[in-house]
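> have a look; sequence and predicted model below, questions after that.
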Amino acid sequence: MQDHRSRRHFLHAGLAASLAWPALASSRRSLPPMTEGPFYPPRAWRERWDDWDADLSRVQRGTQVLTAKGELLGLQASVVDSGGRVIDAAEVEIWQCDAMAEYRHPSVAQSAGRFDPGFQGFGSARSAADGTVRFRTIKPVPYPGRTPHIHVLVRHASFGQLISQLFIAGDPGNERDFLWRRVREDLRPLLDMQLQPAPAETGLRWQANHRLVVPA
C-alpha cells in the first residue's frame, strides 16, 4: 500500500510554510484557455492504475516504489475566481512530460530506457476550504517544439471546466513557443510560475505558489 500519511505530510506542511502568495495579476480575468493537447491521458486508460495522486515524483507498483528523475518541484496552487473568491472542492489535474521528455499516454510507447518509470506523469487533487491544492512533481523540461510547461485542468460546478498551461517565468524558451506567444502580454502573468529555491528540509529543489484564476 502507498504511504499516504507521509505523502500528505509533505503536501500539506513544508511547502506552505515557506511561500507567500503572489499578487493577483490581471484581476477580473481568468486563465487563458488552451486545448488539452494530444497527451492528456484518457480516464479509461488511467483506471488501469491506482497511483494518480498529487505526488507525481514517485510511482508505486505493488511493493515496489520508484522515484522520479529530474529536479523536484513543490507546486502549491490556489483556485480563485476572477472576482477574488476562493473555490473549494475544485478538481485540479496536472500532467507533463518526464525528465526524458516523454508523456504517460497510451499513444506513447513506454520503451525501456526511453522514459522515466518513476515519474507518474499525471496527478489530481481537490482544493481545500481555502482553495489550495498542493502537488509534488518535477520542474518541467522542454521537448522539441515546446518550452517547459505543465498542463492544468480545473473543474467545478460553479464554472464548468477550464484547461490551460503553466510556464516557467523568464524561461528563454518561452519566446520561441507558439502557444506562449499567442497569449496576450497582459495575461501572461496568469500563466507564469515564479520558481524559487526550496528549503533543504522539504527535499525539493524548487517551489512555486500560483493562483489558478477561473471564471466567476
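Sure thing, it's come through. Numbering: from 1, shown residues only.

> so where do the helices sit in this protein?
4-12, 14-17, 43-46, 178-182 (DSSP state H).

> any idea how far residue 36 is from the one residue sitting closest to the centre of the chain?
In the chain, the residue lying closest to the centroid (Cα atoms, centre = their mean) is residue 94, at 4.2 Å. Using Cβ to Cβ, to the nearest Å, we find residue 94 at a distance of 12 Å from residue 36. (Each C-beta comes from the backbone N, C-alpha and C, glycine too.)

> what sits in contact with each of these two?
Contact criterion Cβ atoms under 8 Å, 6 or more residues apart in numbering; residues shared by residue 94 and residue 36: 151, 153.

> in contact with the nearest residue to residue 156 once chain neighbours are set aside, which residues?
Counting by Cβ to Cβ, 6 or more residues apart in numbering, residue 90 is the residue found nearest to residue 156 once chain neighbours are left out, at 4.2 Å. Shown in contact with residue 90 (Cβ under 8 Å, 6+ apart): 79, 126-127, 131, 133, 154-156, 214.

> most neighbours, which of those residues?
In terms of neighbours by other Cβ atoms under 10 Å, the contacts of residue 90 top out with residue 79 at 26 neighbours.

> I figured it was touching residue 92, is that so?
Yes: if you go by Cβ atoms under 8 Å, residue 79 and residue 92 touch, sitting 6.7 Å apart.

> what is in contact with the two at once?
With Cβ under 8 Å, 6+ apart, residue 79 and residue 92 have common neighbours 127, 133, 154, 212.

> TSV for these, including distance to residue 147 and pLDDT?
Formatted as TSV, these follow (distance: Cβ to Cβ, whole Å; pLDDT from 0 to 100):
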residue	distance to residue 147	pLDDT
127	27	98
133	24	98
154	21	98
212	20	98
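
> reformat those as a markdown table; add distance to residue 196.
Below are the shared contacts of residue 79 and residue 92 laid out as a markdown table (distance: Cβ to Cβ, whole Å):
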| residue | distance to residue 196 |
| --- | --- |
| 127 | 22 |
| 133 | 18 |
| 154 | 23 |
| 212 | 18 |
